[in-house]
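S.K.: sharing a model prediction with you, sequence too.
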Amino acid sequence: MRTMSFATVAIAGMMLATAGAGAAVNVTFSNPQTWRDDDFRSASKRQGVIEEFTRYFERLDKRYLKKGQKLDIEVLDARLAGRYERWQPEFSDVRILRDTTPPRFVIRYKLRQDGKVIASGEEVVSNLSYLWSSSARNSIERFAYEKEMLRDWFRKRFVQMQPPRG
């Protein structure tokens, strides 16, 4: 019985080690504890939020990047949609979404195709009309507004290869 459980653990460990090996995206978050957003400043929430967005970028990678492409993403700052309004005690732990509190990410990226850099830059990714999104509004997924914004940006930048505005 002990041998079987050791074998199971060993196989699971090998599967986890090889699962990330083929990932074409490398995501880092630079000093998130210093960002203004409450969920990144909070030690108890920060790691879960970072893991959620890292997994999301990995999903985008698998869905949209071509074979031979590698993407490095460094998130320099992020503000999630909405804000906590602590002056309202009954809602102090709920993000209140307003048109003045859109999601916003500052991202530095470098896309390589077979080792050659084909796109790079630093951008502010934001969606000022995020509250108009019926798909995000009706979604039960965590961070739906942010994920929709990041998906749209990812497709424009790395699938359609549109240059940044400005």
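M.R.: Received, thanks. Numbering: from 1, shown residues only.
S.K.: middle-most residue in this structure, spatially?
M.R.: residue 53 (2.9 Å; C-alpha atoms, centre = their mean).
S.K.: what does the helix or strand where that one lies rub up against?
M.R.: If you go by DSSP states H and E, residue 53 is part of helix 43-64. Outside helix 43-64, the residues within contact range by C-beta atoms under 8 Å, 6 or more residues apart in numbering are 23-25, 27, 29, 32-33, 38-40, 71, 73, 75, 78, 80, 142-143, 146-147, 150-151, 154-155, 158-159. From N, CA and C alone the C-beta is placed, and that goes for glycine too.
S.K.: so for residue 11, what's the pLDDT?
M.R.: With respect to pLDDT, residue 11 has a value of 39.
S.K.: which parts of the chain are strands?
M.R.: With DSSP state E, the ranges of strands along the chain come out as 25-29, 69-79, 83-84, 95-96, 104-113, 116-126.
S.K.: so which of those gets nearest residue 137?
M.R.: Counting by C-beta to C-beta, residue 137 lies closest to strand 95-96 out of the strands of the chain; the figure is 13.7 Å.
S.K.: quick one: the nearest residue in space to residue 30 that is not next to it in sequence and residue 131, what's the gap?
M.R.: Leaving aside its sequence neighbours, residue 30 sits nearest to residue 76 (C-beta to C-beta, 6 or more residues apart in numbering; 5.3 Å). Separation of residue 76 from residue 131 (C-beta to C-beta, to the nearest Å): 25 Å.
S.K.: again with residue 113
M.R.: For residue 113 relative to residue 131 (C-beta to C-beta), the value is 37 Å.
S.K.: burial of the closest residue to residue 131 other than its chain neighbours, as a residue count?
M.R.: Nearest residue to residue 131 in three dimensions, chain neighbours excluded: residue 99, at 5.8 Å (C-beta to C-beta, 6+ apart). Residue 99 has 10 neighbours, counted by other C-beta atoms under 10 Å.
S.K.: low-confidence bits of the protein, can you list those?
M.R.: Where the chain drops to pLDDT under 70, the residues are 1-23, 166.
S.K.: can you rerun that using 80?
M.R.: 1-23, 91-92, 166 (pLDDT under 80).
S.K.: if I look at residue 76, how far off is residue 123?
M.R.: Residue 76 is 10 Å from residue 123, by C-beta to C-beta.
S.K.: common neighbours of the two, please.
M.R.: Counting by C-beta under 8 Å, 6+ apart, the residues touching both residue 76 and residue 123 are 106-107.
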